[in-house]
Structure formats: C-alpha cells, structure tokens
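Q: Task: produce atomic coordinates for the following.
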Amino acid sequence: MASSLICGETQSRVSSVLNRDVKQFGKKYMFDSSEETCWNSDQGECQWVSLEFPQSVRVSELKVQFQGGFSAKTCRIEGCPKGGDFAEICLFYPEDNNSLQSFLIQEASAVDKVKIMFENSADFFGRIIVYSLDVLGEKAS
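A: As a prediction, this is how the structure comes out:
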C-alpha cells in the first residue's frame with residue numbers, strides 16, 4: 001500500500017520564496033500538516049518544488065492543496081534515478097480552489113529525485129501558494 005515518501009531525510013528545494021521571507025513562507029510549511037502555514041513563491045513564470053529521497057522510490061500519487069487564485073493550471077512531475085537525467089513522469093491539471101487534490105500516477109519507474117513544476121499560474125504575477133504537498137508511493141527494491 002502506498003504511504004508518504006516524505007520523511008525527515010527527504011531534502012527539498014523550491015524555486016523561490018515570497019520576498020525571501022523563509023520564516024513566514026518557507027518550503028517547510030508545505031510539510032508541517034498545519035492549515036495555517038504555507039509555501040508562498042515569489043512571482044515568476046514557472047515555480048517548482050524538488051524532492052530528493054534517501055533511497056529509490058516509485059511514486060504512485062501526489063496530493064496538493066493550493067490557495068485558490070494562486071494555483072497552477074498545469075503541473076508537470078519529472079523524476080530522475082541516481083546519477084541520471086530528469087524525465088517527465090506525468091502532467092496533471094489542478095482545479096483553482098482551496099481543496100486538497102489528489103492525482104494518481106500510473107506505472108512510474110524508480111527515481112531518487114522528483115521535481116514538481118507549477119506552470120501557468122492562476123495568479124497574474126505567477127505566484128503559487130501551497131498549503132500542503134505530499135508524495136505517496138513505495139520504496140523501490
């Protein structure tokens with residue numbers, strides 16, 4: 001059964017943070033299970049979150065909760081094995097609302113890194129606000 005792949009050893013990076021204010025809008029707030037905190041990107045054309053797992057994984061589902069009005073119209077997930085190049089895993093198209101949305105990923109190969117690209121923001125300036133992000137799957141053997 002799929003479970004969260006994000007753990008204390010998972011390394012995360014983001015494209016930007018609003019006004020570089022990591023204390024208020026940093027990446028850690030996507031993973032803290034609080035409805036009060038969020039990652040808020042700065043403006044720009046394509047925002048992203050990358051995750052590096054402590055071991056190879058097979059991703060089967062992505063869960064994301066945006067702030068309505070600050071979601072992405074198109075999202076792309078890419079993955080890469082250790083020492084390899086990023087390749088597209090899938091595209092998905094979130095709704096522009098505040099709901100927790102879930103996207104199933106079919107037959108993904110084993111990867112050590114995942115990059116989630118938020119393209120075509122609903123916000124005129126290209127900002128993205130994520131309250132919750134989780135990647136589910138299983139460890140690859």
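Q: count of residues packed around Ser102?
A: Applying the criterion other Cβ atoms under 10 Å, we find 12 residues in the vicinity of Ser102. From N, CA and C alone the C-beta is placed, and that goes for glycine too.
Q: longest strand in this structure, by residue count?
A: Residue-count comparison of every strand in the chain, with assignments taken from DSSP state E, identifies strand 46-66 as the longest.
Q: Buried residues, that one. List them.
A: Buried residues in strand 46-66, counting neighbours by 16 or more other Cβ atoms under 10 Å, are found at 46-53, 57-62, 64-66.
Q: ok, Ser3 - how many residues close by?
A: Neighbour count of Ser3, defined by other Cβ under 10 Å: 11.
Q: Please name the nearest non-neighbouring residue to it.
A: Spatial nearest neighbour of Ser3, chain neighbours left out: Leu136 (6.4 Å); criterion: Cβ to Cβ, 6 or more residues apart in numbering.
Q: dump the residue contacts of the one you found.
A: Remark: with contacts taken as Cβ atoms under 8 Å, 6 or more residues apart in numbering, Leu136 is in contact with 2-5, 59-63.
Q: ditto for Met30
A: With the criterion set at Cβ under 8 Å, 6+ apart, Met30 makes contact with 12, 38-39, 49, 130-133.
Q: from the residues you listed, which would you call buried?
A: Buried positions within those, assessed by neighbour count (16+ other Cβ under 10 Å), are 12, 38-39, 49, 130-133.
Q: all helices of the protein, in order?
A: According to DSSP state H, the chain carries its helices in the segments 22-25.
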